[in-house]
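S.K.: next one to model:
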Amino acid sequence: MINKKNKCIGVWGFGVVGKAAVNYLHAQGHTLGVMDKRIPTAQELEDLKEKNVAWYHENEQETFFNSYEFIIPSPGINISPQRYATHKDKWVHELDLFYSIFNKPIIAITGSIGKTSTTHILQQIFKELLIPVAVGGNIGIPTFDLINEQSTVDYALLEVSSFQLNYCKNFAPTLAIWTNFYPNHLDHHSTEDEYFAAKNNILTQQTKDQLSLVHFMLRNKISPCVNGHKRSYFTTICPNIDELNTLSNNEQVYYIKDTTVMRYTHNTHIPIMKLTSALLNLSFIDNMLLLTAACDLLNINNQALQTVATTVQLPEHRVEKIGNINNIDFYNDSKATTTASTLAAVEKLHNRPLHLFLGGLSKGVDRAPFIAQLKNQVKHIYCFGKEAASLYDMCVANHIAATYFTTLSDAVSACTVTAQPGDCVLLSPAGSSYDLYENYEQRGKHFKELITHYIRNNTL
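M.R.: Modelled structure (predicted):
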């Protein structure tokens, strides 16, 4: 690990994480170089020159790798096995380095869906209780930018992705939270097992003095914990008696009985908190259960969660209501880049005839089984983007009413003609945005603009 001054360090990738790494490491007095596949802007070159940081294009890889003692790859870099093995003693990964430097407790949240909403609401709970916390990771603020906050906060609260966890060897959060697991990012991870192994790294280095909170569906798949480690699970329905009897003395389960969160530990069922209507309307029920369990494990007053439920606004683009016209509700769920996220949104809104927009890139995931699950759940599917035709074919094969379009604009135009009073319209693409947009935020903002324009022009 980098623990001395004046080391020669190469940073591979000059996006958000790479820039934060350069800023932090430069302040620590290290000699730096940066490699990226793109051409730097004039401003970037000026900033690098000011810091005396060398720039390498990716066609200069051999020179770059041979010039530095340590290499810090940005999380999105897909390192080939041969490259990784060739320089196996040089790699230093973002979360491992952060863990070695940050000296306050770390709460890390990962999962295929739900991690952003969970992180956001937990942040608001800390805020309500006046507990200072540094928040970042996969939600826009890189971990290197949080290091200088450690003297003024009680916790670091991180959303962490499979890309960040993929090569971790030392990262061991004080509380590791794993929301769930569904196939995703198979265009980056070569197999579903590899994707699972990356997620599992949030647990592998934890000690007996640390805590983990994991969906019960993963219990028989995850790494066993060390002796003395307290592992908690959550699941909306109480496991059966045979499953409960297999729990060790260091395992416990949170579940919901009627509308009360219960904790099963040491053969005892203990009520923890009643889920009010405000909490049930705030987010998905799994998220509310998980947050109640996290408060319990951290010894945080869970009444703060009750208070936050009436004041917090969830992050933009997550089952976000845009407006209503002619008794038709419009929702933006552009952040749903996985099939599991879309199924959760459909379940949340299933009580009305539903018009669903699907699109984006599959990221290597076969979306046919997902389409089959939508049968009798939706009124019409509008497929858009690069994979629109194949999505349409899957709908037809399952006898689901569907149409397909090149652009989201065309799909929205068709939907606004078809939708009837009492219907619900949902953008929840179940795919990444990169076929038509730079990110899911841009896609969601475009959808909101289209719907806002439609409502404005059709309001008497």
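
S.K.: wait, isn't I121 in contact with S283?
M.R.: Yes. Here I121 lies in contact with S283, judged by Cβ atoms under 8 Å, at a distance of 6.9 Å. For the C-beta atoms, the positions are set from N, CA and C on the backbone; glycine is no exception.

S.K.: just how off-centre is stretch 326-344 within its chain?
M.R.: Distance of stretch 326-344 from its chain centroid, counting by Cα atoms, centre = their mean, to the nearest Å, is 16 Å.

S.K.: ok, back up a step: who touches both of I121 and S283?
M.R.: Shared contacts of I121 and S283 (Cβ atoms under 8 Å, 6 or more residues apart in numbering): L314.

S.K.: show me the contacts for L275.
M.R.: By Cβ under 8 Å, 6+ apart, L275 lies in contact with 256, 259-261, 285, 288-289, 292.

S.K.: narrow those to those in strands?
M.R.: 256, 260-261 (DSSP state E).

S.K.: on that earlier part again, out of the contacts of L275, what pair is the most spread apart?
M.R.: Within the contacts of L275, two members stand farthest from each other by Cβ to Cβ: T260 and I285, at 12.5 Å.

S.K.: who's more crowded, these two?
M.R.: Between T260 and I285, I285 has the larger neighbour count (other Cβ atoms under 10 Å), namely 17 against 13.

S.K.: which non-adjacent residue is nearest the more buried one?
M.R.: Nearest residue to I285 in three dimensions, chain neighbours excluded: T236, at 6.0 Å (Cβ to Cβ, 6 or more residues apart in numbering).

S.K.: that neighbour - how many residues pack around it?
M.R.: As a burial measure, T236 scores 14 neighbours (other Cβ under 10 Å).

S.K.: can you check R219 too?
M.R.: Residues contacting R219 under the criterion other Cβ under 10 Å number 17.

S.K.: now it, nearest residue through space, not along the chain?
M.R.: Y233 (6.0 Å).

S.K.: state the distance from that neighbour to T338.
M.R.: From Y233 across to T338, the span is 22 Å (Cβ to Cβ, to the nearest Å).

S.K.: could you do H120 as well?
M.R.: 18 Å.

S.K.: higher neighbour count, the two?
M.R.: Between H120 and T338, counted using other Cβ under 10 Å, the more crowded position is T338 (23 against 20).

S.K.: mind splitting the protein into its structural domains?
M.R.: Domains of the chain are assigned by automatic domain parsing as 8-92, 96-308, 320-457.

S.K.: export those domains to CSV and tack on mean pLDDT and distance to L314?
M.R.: Below are those laid out as CSV (pLDDT from 0 to 100; distance: least, Cβ to Cβ, whole Å):
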stretch, mean pLDDT, distance to L314
domain 8-92, 94, 23
domain 96-308, 93, 6
domain 320-457, 95, 7
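
S.K.: including distance to I2, could those go into JSON lines?
M.R.: Formatted as JSON lines, these follow (distance: least, Cβ to Cβ, whole Å):
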{"stretch": "domain 8-92", "distance to I2": "6"}
{"stretch": "domain 96-308", "distance to I2": "7"}
{"stretch": "domain 320-457", "distance to I2": "31"}
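
S.K.: shouldn't R219 be in contact with T235?
M.R.: No. With contact defined as Cβ under 8 Å, R219 does not reach T235; the gap is 9.3 Å.

S.K.: tally of neighbours for Y437?
M.R.: When neighbours are counted by other Cβ under 10 Å, Y437 comes out with 19.

S.K.: that one against H446, yeah?
M.R.: Yes. Using Cβ under 8 Å, Y437 is in contact with H446, at 7.0 Å.

S.K.: could you pull out the strands for the stretch 301-450 of the chain?
M.R.: Along the stretch 301-450 of the chain, counting by DSSP state E, counting those that start in this stretch, strands occupy 320-325, 328-332, 354-359, 380-384, 402-405, 424-427.

S.K.: look up phi and psi at N245.
M.R.: Phi and psi for N245, reported as degrees, to the nearest 10, are phi -70, psi -20.

S.K.: pull the number of nearby residues for it.
M.R.: Neighbourhood size, N245 [other Cβ under 10 Å]: 9.

S.K.: do H317 as well
M.R.: H317: 22 neighbours (other Cβ under 10 Å).

S.K.: apart from its neighbours in sequence, what residue is nearest it?
M.R.: Using Cβ to Cβ, 6+ apart and skipping the chain neighbours, the partner closest in space to H317 is G444 (3.8 Å).

S.K.: and the one you found, how far is that from D333?
M.R.: For G444, the distance to D333 (Cβ to Cβ) stands at 8 Å.

S.K.: common neighbours of those two, please.
M.R.: Applying Cβ under 8 Å, 6+ apart, one finds that G444 and D333 are jointly contacted by 317, 320, 427.

S.K.: the closest residue to the second one other than its chain neighbours bridge partners, please.
M.R.: The shortest distance from E320 to any non-neighbouring residue, by Cβ to Cβ, 6+ apart, is to N332 (4.6 Å). Taking DSSP bridges as the rule, N332 bridges to E320, L427.

S.K.: shouldn't N332 be in contact with F447?
M.R.: Yes. Using Cβ under 8 Å, N332 is in contact with F447, at 5.4 Å.

S.K.: so what sits opposite M273 in the bridge?
M.R.: Taking DSSP bridges, one finds V261 as the beta-bridge partners of M273.

S.K.: against A293, how distant is it?
M.R.: In this structure, M273 and A293 are 10 Å apart, going by Cβ to Cβ.

S.K.: what residues are shared contacts of the two?
M.R.: With Cβ under 8 Å, 6+ apart, M273 and A293 have common neighbours V261.

S.K.: can you tell me the SS state at I451?
M.R.: The local conformation at I451, judged by DSSP: H, G, I helix; E, B strand; the rest coil, is helix.
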